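> generate a structure from the sequence data that follows.
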Amino acid sequence: MTLSPLSLLIAVAVLTVAGVVIVRRFGFKPQEDGGAIGSLIIPCLLSIYLIAVAMGIVIGWENNRQAADDVVAEATTATDLYWSTTTFPSGSGEQVRRELRTYVETVIRNDWPEMRHGELSPAGDSALGRLRASVAEVPTSDQAAALDRMVARQEVSGLVDKRIERADSAQAHIPRTLVLITAITALAIAALPFGMGGTRTRAGLFWSVTNLVIVVSTVAALLFLDNPYAGLIPVESEPLEQALVGFDRIDQVTGRL
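Numbering: from 1, shown residues only. Got it, this is the predicted structure:
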């Protein structure tokens, strides 16, 4: 879920106004703070809110960290495959390396923007298909060559698996029921202090605003963690970019540059 600060601000303002209207409509009074509302309802709402927002943030954070680890593993697999091509015949090895570079570049250029919306690019699928075909076409003149190709095919299969994992993580999100529970309880907790009638002191207003800021901050953190590839701390393609740099270093070491 990709949210702009403006849309988040508008949503918070609308929900707060709606909450104040609802509270005033049902006649919540300051003196009721020590009755059933203050001693039972508000603590229950607060408990539900804290549990829901904590669960949501943990789920979102774990999704984010798992996605980051998967990208590192994918970059490692790509580097291993590039090293494996050094044992191929020159023509076949060059073809596989070219297709591997193209695939990694396509992932960075095309996949990453799409993953912010929960999808992968068709261009990435096509590039991976060409890479698999180039490895399958590597000639095997003897048993050693056949073994080298088998290792390379296993590494390509690893890239396929990592692509599937990226597709899954791009669609991973915090359960909508949990988000809904958090939003409803947050609305009540943020709006109740503003909905009380009677004279408001500066201290009371200060704590009401502080309460609103805390609630909005935690809900915003929840929403911004909903997609591992979007939000405030998105998973970046840096490991794959470093893999491309590593390809050049491998070429230097093996004398191809």
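> C-alpha only now, for contacts and for neighbours.
Fine.
> for Val151, give its distance to Val72.
Counting by C-alpha to C-alpha, to the nearest Å, the gap from Val151 to Val72 is 20 Å.
> just want the most central residue of this structure.
Pro228 (0.4 Å; C-alpha atoms, centre = their mean).
> verify the stated contact: that residue with Val235.
Yes. Using C-alpha atoms under 8 Å as the test, Pro228 is close enough to Val235 to be in contact (5.9 Å).
> tell me, what's touching the two both at once?
Taking C-alpha atoms under 8 Å, 6 or more residues apart in numbering as the criterion, Pro228 and Val235 both touch Asn64, Ala67.
> now the residue nearest to the centre of the chain: phi and psi?
phi -60, psi -20 (degrees, to the nearest 10).
> residues in contact with it?
Per C-alpha under 8 Å, 6+ apart, neighbours of Pro228: Gly60, Asn63, Asn64, Ala67, Arg116, Ser169, Ala170, Ala172, Pro234, Val235.
> and the longest helix along the chain, what does it pack onto?
Longest helix in the chain, counting residues (DSSP state H): helix 42-84. With contacts taken as 3 or more C-alpha pairs under 8 Å, 6 or more residues apart in numbering; DSSP states H and E, helix 42-84 sits against helix 90-106, helix 143-171, helix 176-195, helix 202-224, helix 238-253.
> now the angle from it to helix 90-106?
Interaxial angle, helix 42-84 versus helix 90-106 (axes from the mean of the first three to the mean of the last three C-alpha atoms, to 10 degrees): 160 degrees.
> return the distance of helix 42-84 from the chain's centre.
In terms of C-alpha atoms, centre = their mean, to the nearest Å, the centre of helix 42-84 is set 7 Å apart from its chain centre.
> that older thread, just give me the closest of the contacts of Pro228 to Leu212.
Gly60 (22.3 Å; C-alpha to C-alpha).
> correct me, but the closest one touches His173?
Yes. When contacts are counted by C-alpha under 8 Å, Gly60 is listed as touching His173 (6.9 Å).
> tell me, what's touching those two both at once?
What both Gly60 and His173 touch, as defined by C-alpha under 8 Å, 6+ apart, is the set Asp226, Asn227.
> and the two? which has more neighbours close in?
Gly60 (24 against 20; other C-alpha atoms under 10 Å).
> out of everything not next to it in sequence, what's closest to that one?
When the adjacent residues along the chain are set aside, Gly60 lies closest to Leu225, with 5.0 Å between them (C-alpha to C-alpha, 6 or more residues apart in numbering).
> got phi/psi on that neighbour?
phi -100, psi 0.
> measure Thr86 to Glu94 for me?
Taking C-alpha to C-alpha, one finds Thr86 at 9 Å from Glu94.
> meant to ask about Arg202
73 Å.
> those two - which one has more neighbours?
Glu94 (16 against 9).
> who touches that one in this structure?
For Glu94, counting by C-alpha under 8 Å, 6+ apart, the contacting residues are Thr85.
> could you check the pLDDT of it?
pLDDT recorded at Glu94 is 93.
> what is the burial count for Trp83?
Trp83: 16 surrounding residues under other C-alpha under 10 Å.
> wait, it touches Asp251, no?
No. Contact criterion C-alpha under 8 Å: Trp83 and Asp251 do not qualify, at 9.3 Å.
> least confident secondary structure element in this structure?
In the chain, no helix or strand scores lower on mean pLDDT, DSSP states H and E than helix 36, which sits at a mean of 48.
> many thanks, I have nothing further to ask.
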